[in-house]
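**Student:** turn this into a model:
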Amino acid sequence: MLANMNSNNNDINIAAQFIEQGKLVIFPTETVYGIGADATNDNACQSIYKIKNRPMNNPLIIHVNNIQAAQTIGIFNNLAIKLATLWPGPISLVVQLNQSAGISKTATANLDTVAIRIPAHKTALTLLQLTQKPIAAPSANPSGYLSPTTYQHANIHFQNSPNTFILKGTQSTYGLESTIIDTTTDRPTILRHGFITTEIIKTITGQNPIIAEKHNKLLKAPGMMLKHYSPITKIRLNATKLLPKEVGLNYGPSTLTGKYCLNLSPNSNLMNAAANLYHMLHQLDNYAQNPINEVETIAIAQIPNIGIGIAINDKLNRASSY
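**Tutor:** Take a look at the predicted model:
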């Protein structure tokens, strides 16, 4: 499914010029908004790390618009070829890097592997088509903070950033980062949970995927840091009632009630919950950061740990790490 395009052609042409000039572009995708640069321009890729205050050992995902471009950058074994049938879509594949592809060593964090994705979003694909360059892009947020799923989320942090163009778009359809699969191992290894579930991976590959260790010190892909995806306000998981100075995030029939509470999905739909997760956490965090409201904690109801719920809980567990 290709998400809709909201930016006009002139905006996308300007964005393409920014990429070609070694500048940064914030653009919508079906997962979250990304902040991208020419993946073959090392100085431009360094600008991403600087503007996000991102650790230099945390590699970037390289976005392309077709499988031929992907296979120019990486070396695809049979496992990678099978999983690439899910493109375009919310899955990134870690493959061996083709050293002659000219990809920035900053973007790969000096690894001999590279994470590649073909997004399923018209704006992103049009930008890639216009530039004819691979675009290295993490989420468009300060490192460690909540990912942006709307133009407003990204704009509030980067509207005054030099050499940065922001493409407008609608709210991200999926609302969670892409699943990242390491295909350089004997069995598919999930490095980051996302919208492509273990069940889908097993169906495509015929193998049960391995789950990467949560405390792995080697960051082979984004999203592996222990603390990540965090609001400024601390969070409390599996809440059954609100404590003083808390706001609440419900799921389904949960009954957190108080001065300000939202529900990820009143009808217990995990797909809807995933799409709403970051957006509602942004809302609650903004409310909590106003001292007039006297809020210290965001209490979050239990989310079923099945299907896409596994990815939701992974994000929440990392967000709650202190």
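**Student:** in this structure Tyr151 contacts Tyr33, no?
**Tutor:** Yes: between Tyr151 and Tyr33 there is a contact at 7.2 Å, judged by CB atoms under 8 Å. C-beta: built from backbone N, CA, C; applies to glycine.
**Student:** can you give the strand pairings for the strand ranked longest in the chain, parallel or anti for each?
**Tutor:** Longest strand of the chain, by residue count under DSSP state E: strand 91-97. Sheet pairing of strand 91-97 (DSSP bridges) gives strand 74-75 (antiparallel), strand 113-117 (antiparallel), strand 179-182 (parallel).
**Student:** a strand runs through Gly248, doesn't it?
**Tutor:** Yes: membership of Gly248 in a strand is supported by DSSP: H, G, I helix; E, B strand; the rest coil.
**Student:** got the contact list for it?
**Tutor:** Residues near Gly248 by CB atoms under 8 Å, 6 or more residues apart in numbering: Ala239, Leu242, Leu256, Thr257, Gly258, Tyr260, Cys261, Leu262, Ile298, Ala299, Ile300, Ala301.
**Student:** Asn141: which of these is nearest?
**Tutor:** Ile298 (17.1 Å; CB to CB).
**Student:** what number of residues lie near the closest one?
**Tutor:** Using other CB atoms under 10 Å, Ile298 is surrounded by 27 other residues.
**Student:** one more: Gln96?
**Tutor:** 16.
**Student:** so it makes contact with Asp112?
**Tutor:** Yes: look at Gln96 against Asp112 with CB under 8 Å: they come within range, at 6.6 Å.
**Student:** tell me the pLDDT of Lys220.
**Tutor:** We have a pLDDT of 71 for Lys220.
**Student:** ok, the one 3 residues further on next?
**Tutor:** In this prediction, Gly223 carries a pLDDT score of 54.
**Student:** same thing with Leu146?
**Tutor:** Per the predicted model, pLDDT is 93 at Leu146.
**Student:** cool, and Asp186?
**Tutor:** 87.
**Student:** that one: helix or strand, and which one exactly?
**Tutor:** For Asp186, there is no host helix or strand (DSSP states H and E).
**Student:** so how far is Ile210 from it?
**Tutor:** Distance of Asp186 to Ile210, computed by CB to CB, to the nearest Å: 9 Å.
**Student:** these two: which has the busier surroundings?
**Tutor:** Between Asp186 and Ile210, counted using other CB under 10 Å, Ile210 has the larger neighbour count: 16 against 8.
**Student:** the more buried one reaches Thr184, doesn't it?
**Tutor:** No: Ile210 lies out of contact with Thr184 (CB under 8 Å); the separation is 12.0 Å.
**Student:** show me the beta-bridge partners of Val247.
**Tutor:** Ile298.
**Student:** among the strands paired with strand 91-97, which comes closest to Pro55?
**Tutor:** Using CB to CB, the nearest of the strands paired with strand 91-97 to Pro55 is strand 113-117, at 15.7 Å.
**Student:** then that closest one to PDB, C-alphas only?
**Tutor:** The C-alpha trace of strand 113-117 is given here as PDB (Å, rounded to 0.1, in the frame of the first residue of the first chain):
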ATOM      1  CA  THR A 113      26.900  -4.300   6.500                       C
ATOM      2  CA  VAL A 114      24.200  -1.800   5.500                       C
ATOM      3  CA  ALA A 115      20.400  -1.500   6.200                       C
ATOM      4  CA  ILE A 116      18.300  -0.800   3.100                       C
ATOM      5  CA  ARG A 117      14.600   0.000   2.600                       C
END
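**Student:** the helix or strand just after it packs against which elements?
**Tutor:** Per DSSP H and E, the first helix or strand lying C-terminal to strand 113-117 is helix 122-131. If you count contacts as 3 or more CB pairs under 8 Å, 6 or more residues apart in numbering; DSSP states H and E, helix 122-131 packs onto helix 9-20, strand 24-27, strand 34-38.
**Student:** same list, those, but as JSON lines with mean neighbour count please.
**Tutor:** What follows is the helices and strands packed on helix 122-131, written out as JSON lines (neighbours: other CB atoms under 10 Å):
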{"stretch": "helix 9-20", "mean neighbour count": "17"}
{"stretch": "strand 24-27", "mean neighbour count": "28"}
{"stretch": "strand 34-38", "mean neighbour count": "29"}
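**Student:** just put the ones you listed in a markdown table and tack on mean pLDDT and distance to Ser139.
**Tutor:** Listed next are those as a markdown table, based on pLDDT from 0 to 100; distance: least, CB to CB, whole Å:
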| stretch | mean pLDDT | distance to Ser139 |
| --- | --- | --- |
| helix 9-20 | 94 | 17 |
| strand 24-27 | 98 | 10 |
| strand 34-38 | 98 | 6 |
